[in-house]
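> One predicted model, sequence on top.
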Amino acid sequence: MKSKSRDQSLSDSRADSRELDGSYDPLTDSMVEDGQLSALSSRPEGLDQMLQRCSFSRAELQVLYRGFKNECPSGMVDEETFKTIYSQFFPQGNSSSYAHFLFEAFDTNKHGAVSFEDFVTGLSIILRGSVTDKLNWAFNLYDLNKDGCITKEEMTDIMRSIYDMMGTCTYPCMQDDAPREHVENFFQKMDMNHDGVVTIEEFLESCLKDESIMQSMHMFDNVI
C-alpha cells in the first residue's frame, strides 16, 4: 500500500514537473514534442480552472482542445483563420460577414485574437447556458458597437449576414428585403418605448415572454 502511494506521488511529481517546463499538456493528456514547444505561443490556463468556468466535462474539454490546437497550433486564432474555418460549415453561402461578427463576440478582450479560453467560455454559454445566459450572449452579438443597445441598422447587418451565409440554396425564393422585414417585426415587439433602439432589458423581457420571438431566434441556432 505504501509502495503504491509512493509510486503515485512520484507520478504526480513527474506530471507537475512536465507541466511546468511545458513538456506535458494536461488538456490533451499527452507529451508535447520539442518541435511543438516553440509553436505554442499561448498556452491555456489549467484544466481544473477551466472546468470551474464552463459546463464541459474534463473529457469534452480535452477533445475540444485537441481540435482547437490542431487548427491553431499557436493557441490563438486570428480573424482571417476564424473566417476560413467557419466557411467550411457553410459552403453554400458567404459566411465572411457573419464570421466577423461572431469573432468579435468571442474576442471579449478585444485582442484581435481568440484564445482557447475565449472559445470555450463562449461555446459553453451557447450550448449549455441558461436561456437568460444565451440571450445575453445573443444581445452582445447583435450590439455591434457594444454601446449597450441594438439599433435597427445593427440588427439588419446581422440578419443580412445570416441570410448571405445560408445562401440561395437554403432560401432560393428569398426576397431582398427579407432581412429588413425580419428586423421590423422584431423591433415592433422589442422596442417597447419606441425610441428606436432596444436595450438589454427590453430584449430579455420581449424574448422571454414572446414564444414567436424565441422560435424565430431558434431558426438561427445552428449558425451561432
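All right, it came through fine.

> Report the contact partners of residue 71.
Contacts for residue 71 (Cβ atoms under 8 Å, 6 or more residues apart in numbering) come out as 77, 81, 85. The way it works is simple: take the backbone N, C-alpha and C, and place the C-beta from them, glycine included.

> among the residues you listed, which are in helices?
Applying DSSP state H to those, the entries found in helices are 81, 85.

> Check pLDDT for the contacts of residue 71 and point me to the minimum.
Ranked by pLDDT, the contacts of residue 71 bottom out at residue 85, which scores 91.

> Would you verify that residue 147 is located in a strand?
No - counting by DSSP: H, G, I helix; E, B strand; the rest coil, residue 147 falls outside a strand, being coil.

> Could I get the phi/psi values of it?
Per-residue torsions, residue 147: phi -100, psi 10 (degrees, to the nearest 10).

> number of nearby residues for it?
10 (other Cβ atoms under 10 Å).

> Against residue 154, how distant is it?
According to Cβ to Cβ, to the nearest Å, residue 147 and residue 154 sit 10 Å apart.

> Helices along this protein, start to end?
Under DSSP H, the chain gives helices at 2-20, 34-37, 47-53, 58-71, 79-87, 96-106, 116-128, 131-142, 152-170, 178-190, 200-209, 211-218.

> low-confidence ranges in this protein?
For the chain, the stretches with pLDDT under 70 are 1-45, 168-176, 213-224.

> again, only this time at 80
Judged by pLDDT under 80, the chain has its weakly predicted residues at 1-47, 167-179, 211-224.

> Please convert the contacts of residue 71 to TSV, extending it with distance to residue 109 and neighbour count.
Formatted as TSV, these follow (distance: Cβ to Cβ, whole Å; neighbours: other Cβ atoms under 10 Å):
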residue	distance to residue 109	neighbour count
77	14	23
81	17	16
85	20	13
